[in-house]
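Q: Got a predicted model here, sequence first, then my questions.
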Amino acid sequence: MKKLLILGAGTAGTMVANRMARLLDQTEWQITIVDQHETHYYQPGLLFIPFGMYSKNDVVKPKRDFIPAGVEFIMSPVDVIEPEHNRVKLVKDGRYLNYDFLVIATGTRTHPEQTPGLHEHEWFKSIYDFYTIEGAVALAKHLRTWQGGRLVLNVVENPIKCPVAPLEFIMLADWFFHEQGLRNRVELIYATPLPGAFTKPIASKHLGDILDRKGVKIEPEFLLMEVQPDAKKIVSYDEREIAYDLLVTVPVNMGDESIARSGLGDELNYVQVDKHTFVSPKHANIFALGDAAALPTSKAGSVAHFAVDCFSENFLRYVDGLEMLPTFDGHANCFIESGFGKGLLIDFNYEVEPLPGHYPLPGVGPFTLLQESEANHWGKLMFRWMYWNILLKGQEMPLPARMSMAGKWGK
Amino acid sequence: MATKTIAGKTVQVNDEGFMTNPSEWSKEIAVEIAKEEGIAELTANHWKIVDFCRQAGANGGKAPTLRQITTSTGVSTKEMFALFPKGPAKKVARVSGLGKPEGCV
Ligand SMILES: Cc1cc2nc3c(=O)[nH]c(=O)nc-3n(C[C@H](O)[C@H](O)[C@H](O)COP(=O)(O)OP(=O)(O)OC[C@H]3O[C@@H](n4cnc5c(N)ncnc54)[C@H](O)[C@@H]3O)c2cc1C
């Protein structure tokens, strides 16, 4: 029996397990997947929790429900990968798992302890995150009784997963405080290390204009040095200070420490892999998919999905001794919730930045690129159903994995 | 593609003033770009960072991010801001004749 071992049963790992269970001959292959936690969180849903639109129950399901029959599921933290022995050591019982092929899908998570003053006595009192279930739920509780003041949203350092989530947060906050009749008592500031609202110029301009209209002030190129939790201010390396009443942070994102222990990580514990085929340049039987991979595209569920599409086809070629095709183009497709029942959509890849237009049908849509519409909002809400029922189960979506230029307006 | 004459040499630059062909770079050019960026003199500490960036650029073809610079050279982020005020990763990339750091997507 040949062994395919998958580390991490999050979005990417679960999709790969399902896809491979279907594509590989089960009499020849043993597929094993490892994770340390029982619960799968629908992370895009965390965004809606602070504003009372979703509750915790809306975003959790047992991981086991999504692991297909015939795939072995082991519950343990991964201790270390030993590429020279083609094996992985687990924390539980110090057990070793051998592999012929390894897929690393351990994702990325937030590290508030990396920033002085952030993760101290004011944590979950006047400082919150929304990238964890704990943070999102605690913030929801805080916002229910908040009487207004200055809300500062800060991204500590890039890259972060879902780079549009902070923008969505601040736009939903604008809507939420309107609904609460509080908007005139709330000042919204978005302090970002980026030079503008988003990473790519055209989208940054469009999104920047929208924030402007909503009365959100951007503090660009703000690289956080420390939080002063008692004085309630954040201080940047170039000594700008911003006072806050409520600080919402997106802390430093880092890949799992087991990657660093295994000598496979870069300075943020992400795994270096080929950007078109996901294979490690150092070890020909190791791949990394999803947020765990060090790739110059967004860390997002949609990217993981397109990546799994490309990886699966290539993997079948690879194990048959054929060369892999450079199919993955960095395709990302993200809904951006903008409040008041509307949303935007962006579609881009390694080469082409997000442009205005229609998606997926040129000229028709139903979704509008880089412009607010109600259809986009419904797309975003429908996405949760698709995530649990189609995506995770590794089923094909009626959307091409590679990006298309049709229906987009050039510069 | 635009060109620009720096330290008596004509080099290719993009619309943000980053050089697009790292092999056209020279130490004299670095000194001139540094002046444009408000750094009157490149000290030994500056050169340590520029050398690292040149090396990283030659190996990876890209300008390193701020975190890559601090982890690899041991120079703290605070010192980086003292050496290359306001946006050190971007500034040092320009001085080193590399493109804008990709840090974020
Ligand atoms: C607030 C928020 C909003 C978002 N919105 C969107 C959106 O609208 N659209 C979109 O496309 N994406 C969105 N994302 C991003 C998306 O959720 C992630 O990109 C996606 O889940 C990545 O999948 P992954 O499998 O790489 O990582 P994950 O799904 O995070 O899975 C990693 C798994 O590895 C396990 N693991 C890690 N280390 C170990 C170890 N040492 N041992 C054992 N197991 C381990 C973890 O327990 C976890 O189950 C959002 C994310 C957040 C936080």
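A: Thanks, I have the structure now.
Q: Contact residues of chain A facing the ligand?
A: By the rule C-beta under 6 Å from any ligand atom, the part of chain A lying against the ligand is A:8-13, A:34-37, A:43-44, A:46-47, A:77-78, A:105-107, A:130-131, A:161-162, A:165, A:256, A:258, A:290-292, A:299-302, A:304, A:334-335. Bear in mind the C-beta positions are built from the backbone N, C-alpha and C, glycine included.
Q: switch to 5 Å and redo it
A: Where chain A comes near the ligand, counting by C-beta under 5 Å from any ligand atom, the residues are A:8, A:10-12, A:35-37, A:43-44, A:46-47, A:77-78, A:105-107, A:131, A:161-162, A:165, A:256, A:258, A:290-291, A:299-302, A:304.
Q: Just list whatever residues bridge to residue A:32.
A: In this structure, residue A:32 bridges to residue A:5, residue A:72 when assessed by DSSP bridges.
Q: if we can go back for a sec, drop anything exposed from the residues of chain A next to the ligand.
A: Among these, those buried by neighbour count (16 or more other C-beta atoms under 10 Å in any protein chain shown) are A:8, A:10-12, A:35-36, A:43-44, A:46-47, A:78, A:105-107, A:131, A:161-162, A:165, A:256, A:258, A:290-291, A:299-302, A:304.
Q: so of these, which ones are in helices?
A: Mapping these onto helices (DSSP state H) picks out A:11, A:12, A:165, A:258, A:301, A:302, A:304.
Q: Any figure for the gap between the residue in the stretch 51-200 of chain A that the ligand sits nearest to and residue A:122?
A: Residue of the stretch 51-200 of chain A nearest the ligand, by C-beta to the nearest ligand atom: residue A:107 (2.6 Å). Note on residue A:107: its distance to residue A:122, by C-beta to C-beta, to the nearest Å, is 27 Å.
Q: do the helix or strand that contains residue A:347 and chain B meet?
A: Secondary structure from DSSP states H and E places residue A:347 in strand A:342-348. No: using C-beta under 8 Å from any C-beta of the partner chain, strand A:342-348 never reaches chain B; the gap is at least 9.0 Å.
Q: what comes up buried for the following helix or strand past that strand?
A: Sequence order places strand A:357-361 as the next helix or strand after strand A:342-348, per DSSP H and E. Neighbour counts using 16+ other C-beta under 10 Å place A:357, A:358, A:359, A:360 of strand A:357-361 among the buried residues.
Q: is it possible to export the residues you listed to TSV including distance to residue A:188 and pLDDT?
A: Below are those laid out as TSV (distance: C-beta to C-beta, whole Å; pLDDT from 0 to 100):
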residue	distance to residue A:188	pLDDT
A:357	29	92
A:358	30	92
A:359	29	92
A:360	33	90
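Q: just to revisit the earlier point, got phi/psi on the residue of the stretch 51-200 of chain A closest to the ligand?
A: phi 70, psi -160 (degrees, to the nearest 10).
Q: Residue ranges in chain A under the pLDDT threshold?
A: Within chain A, the ranges that satisfy pLDDT under 70 run A:410-411.
Q: so who does residue B:83 touch?
A: Applying C-beta atoms under 8 Å, 6 or more residues apart in numbering or on different chains to residue B:83 gives the contacts B:39, B:45, B:46, B:49, B:75, B:92.
Q: what do you get for residue A:357?
A: By C-beta under 8 Å, 6+ apart, the neighbours of residue A:357 are A:368, A:369, A:370, A:407, A:408, A:409.
Q: one more time with 10 Å
A: The contact partners of residue A:357, by C-beta atoms under 10 Å, 6 or more residues apart in numbering or on different chains, come to A:345, A:347, A:363, A:365, A:367-371, A:405-410.
Q: cool, and residue A:233?
A: Taking C-beta under 10 Å, 6+ apart, we find residue A:233 in contact with A:117, A:152, A:226, A:227, A:241, A:242, A:243, A:244, A:247.
Q: from the residues you listed, which single one is nearest chain B?
A: residue A:226 (10.2 Å; C-beta to the nearest C-beta).
Q: Just checking: what are the partner strands of the helix or strand harbouring residue A:334?
A: Counting by DSSP H and E, the element that carries residue A:334 is strand A:332-339. With DSSP bridges as the test, strand A:332-339 is paired with strand A:342-348 (antiparallel).
Q: relative orientation of the partner strand and strand A:357-361 in degrees?
A: Counting by axes from the mean of the first three to the mean of the last three C-alpha atoms, to 10 degrees, strand A:342-348 points 80 degrees away from the direction of strand A:357-361.
Q: Now rank the contacts of residue B:83 by neighbours and give me the top one.
A: residue B:92 (27 neighbours; other C-beta atoms under 10 Å in any protein chain shown).
Q: per-domain residue ranges of chain A.
A: Per automatic domain parsing, the domain ranges recorded for chain A read A:2-109+A:254-319, A:111-252, A:332-391.
Q: out of those domains, nearest to residue B:3?
A: Minimum separation from residue B:3 across the domains of chain A (C-beta to C-beta) falls at domain A:111-252, 22.1 Å.
Q: Please report the distance of whichever residue of the stretch 151-300 of chain A sits closest to chain B from residue A:406.
A: Ranked by C-beta to the nearest C-beta, the top residue of the stretch 151-300 of chain A for proximity to chain B is residue A:158, at 3.6 Å. Here the criterion is C-beta to C-beta. By it, residue A:158 lies 30 Å from residue A:406.
Q: go on, residue A:1?
A: Relative to residue A:406, residue A:1 is positioned 44 Å away (C-beta to C-beta).
Q: And for residue A:272?
A: 33 Å.
Q: Kindly report the same for residue A:204.
A: From residue A:204 over to residue A:406 (counting by C-beta to C-beta), the distance is 24 Å.
Q: neighbour-wise, which of the two wins?
A: residue A:204 (19 against 12).
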